[in-house]
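S.K.: A predicted structure for the sequence below; I have some questions about it.
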Amino acid sequence: LLPTKKTILWVYHFIIVGFPYPHDLQFLLFVFFLLIYLMTFLGNLLILLAVALEPQLHKPMYWFLCHLSFLDMTVSSVVVPKVVAGFLEGGSIISFGGCVTQLFFFHFLGCTECFLYTVMAYDRFLAICKPLHYGNIMNHKVCLCLSLGTLFGGSVHSMIQTTLTFHLPYSCGNQVAYIFCDIPAVLKLASTDTTLNEMATFVDIGFLAMTCFLLIITSYIYIISAILRIRNADGRRRAFSTCATHLTVVVTYYVPLVFIYLRPGSQDPLDGVVAVFYTTITPLLNPIIYSLRNKEMKNALRKLRLWCLLTPS
């Protein structure tokens, strides 16, 4: 805490308390989260390499999947290393600027994923409902513009939320009762009324999440209607399998988001558990879901494995 001329103490660093756990499990939790992080990074990296090295996967669907894998790798890197360090130190210290940076990038990446899931649903809508026009509509330029658009939208959202959060005075406590610097946990430390900030967070995140979710649902209403009109049973099965994969990752994204940001009241221990799932388990599940349910991806991973085995010789 840094004293000023008015003898007010201003916070210049935060202590990330994390979630409560028995001290005897400290080393086991350290190993567990470290392994989860390494598996997440490796799994998403394999997706990127498999798509890059397999010409048959150079399609819009896998372009967006690569974008998702990159976001999962990055969002995990923003949060999990500090969590792992906290198990060694009994709580990790982060500077005020570091807290601002962590909050900004977490919401930037999270909001970008929200937009990306919507774009992926639109891609599936075009592929199934307008197959004859799909190649002309979803060309390389459009894919690039959509990907850049998700990044731009995520950066605007995150900049607004970060500015609203850290323009408040922080001169009380500096212990963040959470696993990382997130808006609900940081606002509790502000030395002023945060009602307007909480309302702005609820409206902003709620509007974006509900808009994207409704667009996804609308896309899948048309998609399911088109699939049911397919006469070939194998074609229906493959179409449903592809859509089920995307819907599964959408559910693993939206359920924790709604629980943390869009419900009245807060129960810190339970929020911490959900945050652990949202920041560590979900980025690990995405490559597993896509690789297990997608025949083309499994073939590409087999080729990548063979390429790795034959490269040294």
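M.R.: Looks like it arrived, so ask away.

S.K.: going forward, measure contacts between C-alpha atoms and count neighbours the same way
M.R.: Noted.

S.K.: Going along the chain, name the helices of this structure.
M.R.: 26-53, 60-89, 96-129, 131-137, 140-166, 183-187, 195-228, 233-261, 268-276, 282-293, 295-310 (DSSP state H).

S.K.: how far does the fourth one sit from the chain's center?
M.R.: With Cα atoms, centre = their mean, to the nearest Å as the basis, helix 131-137 stands 29 Å off its chain's centre.

S.K.: Over it, what's the mean pLDDT, rounded is fine.
M.R.: Mean pLDDT, helix 131-137: 87.

S.K.: then it to PDB, C-alphas only?
M.R.: C-alpha atoms of helix 131-137 as PDB (Å, rounded to 0.1, in the frame of the first residue of the first chain):
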ATOM      1  CA  PRO A 131     -24.500 -25.900 -50.000                       C
ATOM      2  CA  LEU A 132     -24.500 -24.700 -53.600                       C
ATOM      3  CA  HIS A 133     -23.600 -21.100 -52.600                       C
ATOM      4  CA  TYR A 134     -21.300 -22.000 -49.700                       C
ATOM      5  CA  GLY A 135     -18.000 -21.900 -51.500                       C
ATOM      6  CA  ASN A 136     -18.800 -18.400 -53.000                       C
ATOM      7  CA  ILE A 137     -20.100 -16.900 -49.800                       C
END
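
S.K.: Show me the contact partners of it.
M.R.: 126-127 (Cα atoms under 8 Å, 6 or more residues apart in numbering).

S.K.: Could you measure from the most centrally placed residue in the chain over to residue 153?
M.R.: Nearest residue to the geometric centre of the chain (Cα atoms, centre = their mean): residue 110, 4.4 Å. Here residue 110 is placed at a distance of 11 Å from residue 153 (Cα to Cα, to the nearest Å).

S.K.: same thing with residue 39?
M.R.: 29 Å.

S.K.: now residue 183
M.R.: Taking Cα to Cα, one finds residue 183 at 19 Å from residue 153.

S.K.: These two: which has the busier surroundings?
M.R.: Legend: neighbour count by other Cα atoms under 10 Å for residue 183 and residue 153, higher for residue 183 (20 against 15).

S.K.: returning to that earlier point: ok, the residue nearest to the centre of the chain - contacts?
M.R.: Applying Cα under 8 Å, 6+ apart, one finds that residue 110 lies in contact with 75, 154.

S.K.: and it, what pLDDT?
M.R.: 91.

S.K.: What residues sit buried inside stretch 193-212?
M.R.: Using 16 or more other Cα atoms under 10 Å as the test for burial, stretch 193-212 gives 197-198, 201, 205-206, 209, 212.

S.K.: Skip the chain neighbours and tell me the closest residue to residue 51.
M.R.: Nearest-residue entry for residue 51: residue 57, 5.5 Å, with adjacent residues in sequence omitted and distances by Cα to Cα, 6 or more residues apart in numbering.

S.K.: wait, doesn't that neighbour sit right on residue 47?
M.R.: No - applying Cα atoms under 8 Å as the test, residue 57 and residue 47 come out as separate, 10.7 Å apart.

S.K.: Specify which residue of these two has the higher count of neighbours.
M.R.: Higher neighbour count among residue 57 and residue 47: residue 47, with 25 against 16, using other Cα under 10 Å.

S.K.: wait, what's in contact with that one?
M.R.: By Cα under 8 Å, 6+ apart, residue 47 lies in contact with 66, 69, 287, 301.

S.K.: Could you pull up the contacting residues of the nearest residue to the first one once chain neighbours are set aside?
M.R.: The shortest distance from residue 66 to any residue other than its chain neighbours is 5.5 Å, reached at residue 48 (Cα to Cα, 6+ apart). By Cα under 8 Å, 6+ apart, the contact list for residue 48 reads 66, 69-70.
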